[in-house]
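Enquirer: dropping a prediction and its sequence here:
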Amino acid sequence: MVRILLPPGASPLRTTVGVELQADCLAGIRVRNSPGRTRDPCFAGSSRRLPAQRWERDGPLVATLRRQLGVITGKTHMVEFAFGGTGRNSHHGSPYNPWDAAAHRSVGGSSSGAGVSLLEGSALLAFGSDTAGSVRIPVCMTGNAGLKVTIGRWSTEGVVPLSFTFDTPGLLARSVCDLAFGFAALDPAGIDPFALVAQGGARDLTGVRIGVGDPFLWRDCDAGIAEAVQEAVDTLVRAGAVANDFTLPESEAAYGVFLDGGLSAIELRSFLDRELPEWLDQLDPVIALAVRHAESLSAREYLRMPTAISGSTDALSATPSRSTIWGTSLAPGPQTRGVMESSWRSAWLSLNSRRQQVKRHGKNQIHHHYKHPDKPR
């Protein structure tokens, strides 16, 4: 954790961070290629520049960043239209994971370049969008910290959509402390970032309840994943928290929807048909099959998907007194355990890093791209 003393009246963001926006993002900030931002070409990971009138104007989030005098240091790689968790992009190449200089290992996606920018030092904060893990997967694969903001809290205006149902902006940073500071500085609620960080460091965890997830959420984990999460739970328990088991039978049905492409495939197809029909014939092979398959999806099947997903969220909401935090396993990644901080903040982060594509054929796919990012399966 680095403490920076500011002169009276200075902007926190101007002094603190270099950010890489998933091609669009705070002081020393990187932005990913989809959050709306003026003056720079927007490709959203595709082979063609998107129409400037619509997609090269500042959205509310980037506008807030500019008012904070944030310095945008560049744009980063992403999976085409943010639809994929491996980080592979056939149009522009796939970033190398800095943890292994010899082998071309996956950095996760869809905000694939964002985590790299943090590790290489070109940014201290990065923007991404998160629909089903596009912030959380890259931070797990690169050993950084990530936050999927609650849906609706931050505006998605100006962000090229993947799923209008689940899209939300998110942040990536080197530490949970930096993450909390960036969140507070950008949040519409006007939170004092210095006060938030100070409060987090002094938080008393006595009595905080941790729900340790349904066995389905832990099935088929890679070696070391479940153990690392259990270590995080144990760290919180030693600090005064209480761990409780819980079951969530609805999770398997929700995960089945995810494996079938979820709502993302059909909602991305709807956006492309409406806004960018010329892009359909040039889609990256990584996403093309799922997007084209969505054309044959019936209205009945589309309406079934939210019902399956809402079953698990309703079950969680119905038991607020049982747990404050829901603990699940996190995505596989190089050095995930080695770079975890020892503080409870890192334990909190690991608990909130949702498991992504580590089971069934999803697991096989990510393992293939983890070792061979540029070879289609």
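Expert: Cool, the structure landed.
Enquirer: what count of nearby residues applies to residue 78?
Expert: A count of nearby residues for residue 78, using other C-beta atoms under 10 Å, gives 34. Every residue, glycine included, has its C-beta placed from N, CA and C.
Enquirer: my read is that it contacts residue 110, right?
Expert: Yes: contact status for residue 78 versus residue 110: in contact at 5.3 Å, counting by C-beta atoms under 8 Å.
Enquirer: now the helices for the stretch 151-300 of the chain?
Expert: Counting by DSSP state H, counting those that start in this stretch, the stretch 151-300 of the chain has these helices, from start to end: 176-186, 193-201, 225-238, 251-259, 262-275, 285-293, 299-317.
Enquirer: ok, the stretch 1-150 of the chain next?
Expert: Counting by DSSP H, counting those that start in this stretch, the segments of the stretch 1-150 of the chain that form helices are 12-16, 52-55, 60-67, 112-120, 136-142.
Enquirer: please identify the most buried of those helices.
Expert: Of the helices of the stretch 1-150 of the chain, the one with the most neighbours on average (mean count of other C-beta atoms under 10 Å) is helix 136-142, at a mean of 31.
Enquirer: kindly export that helix (C-alpha atoms) in CSV.
Expert: Output for helix 136-142, consisting of C-alpha atoms alone and laid out as CSV, is shown next (Å, rounded to 0.1, in the frame of the first residue of the first chain):
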residue,chain,number,x,y,z
ARG,A,136,-12.8,-11.0,-12.3
ILE,A,137,-11.2,-13.6,-14.6
PRO,A,138,-8.3,-11.5,-15.8
VAL,A,139,-7.5,-10.4,-12.2
CYS,A,140,-7.4,-14.0,-11.1
MET,A,141,-5.2,-15.0,-14.0
THR,A,142,-2.7,-12.1,-13.4
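Enquirer: what mean pLDDT does it have?
Expert: Along helix 136-142, the predicted local confidence has a mean pLDDT of 93.
Enquirer: what is it packed up against?
Expert: Counting contacts by 3 or more C-beta pairs under 8 Å, 6 or more residues apart in numbering; DSSP states H and E, the secondary-structure elements packed against helix 136-142 are helix 112-120, strand 145-148, strand 168-173.
Enquirer: kindly export the second one (C-alpha atoms) in PDB.
Expert: Okay, so that is strand 145-148. Provided in PDB are the C-alpha atoms of strand 145-148 (Å, rounded to 0.1, in the frame of the first residue of the first chain):
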ATOM      1  CA  ALA A 145      -7.600  -7.200  -7.700                       C
ATOM      2  CA  GLY A 146     -11.000  -6.700  -9.400                       C
ATOM      3  CA  LEU A 147     -14.500  -5.400  -8.800                       C
ATOM      4  CA  LYS A 148     -17.700  -6.100 -10.600                       C
END
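Enquirer: what pLDDT, on average, does it get?
Expert: The pLDDT scores in strand 145-148 average 94.
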